[in-house]
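# Here is a sequence with its predicted model. Questions after.
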Amino acid sequence: MRVEGLRCRVGERLLLDGVDLAVGPGESAAVTGPSGSGKSTLLLCILGLTSPESGTVTAGGHELTGLSARRLARVRRESIGTVFQFGELLPELTPLENVALPALLSGGPHEDAYRRAAELLDELEVPREGTPTGLLSGGERQRAAVARALITGPRVLLADEPTGALDARTREAVADLLFTVSERRGCALLVVTHDPSVAARAGRVLRLEGGRLTPDPAERHARRNPTLDGATA
Ligand SMILES: Nc1ncnc2c1ncn2[C@@H]1O[C@H](COP(=O)(O)OP(=O)(O)OP(=O)(O)O)[C@@H](O)[C@H]1O
Ligand SMILES: [Mg+2]
């Protein structure tokens, strides 16, 4: 995934003022920064759901800027997986149905979609059926959301506060999973987070502030002095 010279204005504010970022297959980057600094907007630009003023976005080998709405929707569906703070699963469907859904919508054979959904849920240790998704625990729901993001075999995985709604223990487990599974599958992972223990797992930590994306100074300090913070050791 590659973003070059991205400028994005929302109303009067220039939220992204020349943002450059590249994340390769199996690599990960975390983006931190103050509330309102434009982190979610950056993800929306990468998804092509907000149009930047200028700059380019390439995901999974496709340049998204300038594509028609139809082609953009297709690239998004096939190349990009997303995980958001509240999982955004349909509560009345079973986990199996929720995870199979993006693959069913892409039009492949149904048996294939359900088989891959079952494999992913087993791998991520989420019950497949018997319980509507709405009744799963927070951690199980969030793991199901990761499974759903991965079912189409995306080359890019975007996560916005994926552990924001979880307690500390569940947060660790979900974060662990997000990083190990995307590395194993060779996805480029970009995760927006306020949680230092999530950021510490990423290959790089960047900070978005004043429209600019720069290496996080606290992070550089912690990595040079790993004893200061066990989580980064
Ligand atoms: N469609 C929109 N119309 C008007 N203002 C918007 C729109 N989208 C975002 N904003 C504003 O842009 C700013 C950046 O929003 P964004 O959601 O990207 O911040 P964020 O860094 O993700 O914050 P948080 O950490 O709180 O999630 C905010 O001030 C928000 O109110
Ligand atoms: Mg946000």
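Sure thing, it's come through. Numbering: from 1, shown residues only. Ligands and ions are numbered 1, 2, ... in the order given.

# hey, let's count contacts and neighbours off CA atoms from now on
OK.

# where along the chain do the strands fall?
Assigned by DSSP state E, the chain shows strands spanning 2-10, 13-22, 28-32, 54-59, 62-63, 80-84, 156-160, 188-192, 204-209, 212-215.

# Indicate which one of the ones you listed is closest to ligand 1.
Checking the strands of the chain against ligand 1 by CA to the nearest ligand atom gives strand 2-10 as the closest, at 5.4 Å.

# tell me the mean pLDDT for the longest helix anywhere in the chain?
Ordering each helix of the chain by length in residues (DSSP state H) puts helix 168-184 first. Averaging pLDDT along helix 168-184 gives 88.

# hmm, stretch 184-201 touching ligand 1?
No. Against ligand 1, stretch 184-201 shows no contacts by CA under 6 Å from any ligand atom, the least distance being 7.3 Å.

# For that stretch, buried residues please.
In terms of neighbour count (16 or more other CA atoms under 10 Å), stretch 184-201 has its buried residues at 186-195, 197-201.

# what about stretch 21-41 and ligand 1, touching?
Yes. Using CA under 6 Å from any ligand atom, stretch 21-41 reaches ligand 1 at 34, 35, 36, 37, 38, 39, 40, 41.

# So what would you say the end-to-end distance of that stretch is?
14 Å (CA to CA, to the nearest Å).

# Which residues belonging to that stretch are considered buried?
Within stretch 21-41, the residues that count as buried by 16+ other CA under 10 Å are 21-33, 37-41.

# circling back to that earlier point, pull the most distant pair out of the buried residues of stretch 184-201.
Greatest spatial distance among those (CA to CA): 186 and 194, at 24.4 Å.

# and this structure, which residues reach ligand 1?
Going by CA under 6 Å from any ligand atom, the residues of the chain near ligand 1 are 10, 11, 34, 35, 36, 37, 38, 39, 40, 41.

# 8 Å instead?
Contacts of the chain with ligand 1, taken as CA under 8 Å from any ligand atom, map to 10-11, 13, 15, 33-42, 161, 193-194, 208.

# Show me the one of the strands of the chain that comes nearest residue 150.
Nearest of the strands of the chain (CA to CA): strand 80-84, 6.1 Å.

# contact partners of the closest one?
Under the contact criterion CA atoms under 8 Å, 6 or more residues apart in numbering, strand 80-84 has outside partners 47, 59-60, 145-146, 148-150, 152, 154-162.

# try 7 Å this time
The list of residues contacting strand 80-84 from outside it, by CA atoms under 7 Å, 6 or more residues apart in numbering, reads 145-146, 149-150, 154-162.

# Next: stretch 121-141.
87, 91-96, 118, 143-144, 147, 166, 170, 174.

# does residue 142 really touch residue 89, like I thought?
No. Under the criterion of CA atoms under 7 Å, residue 142 is not in contact with residue 89, lying 9.0 Å apart.

# Neighbour count: the two, which is higher?
Each of residue 142 and residue 89 has its neighbours counted (other CA atoms under 10 Å); residue 142 has more, 29 against 20.

# Look up the closest residue to the more buried one, ignoring the ones flanking it.
Using CA to CA, 6 or more residues apart in numbering and skipping residues adjacent in sequence, the residue nearest residue 142 is residue 87, 5.5 Å away.

# Any idea how many residues pack against the spatially closest residue to residue 148 that is not a sequence neighbour?
The spatial neighbour of residue 148 that comes closest, neighbours along the chain excluded (CA to CA, 6+ apart), is residue 99 at 4.2 Å. Using other CA under 10 Å, residue 99 has 30 neighbouring residues.

# for residue 217, same thing?
Using other CA under 10 Å: residue 217 sits among 11 other residues.

# Check residue 71 too.
Once other CA under 10 Å is used to define contacts, residue 71 is seen to have 12 neighbours.
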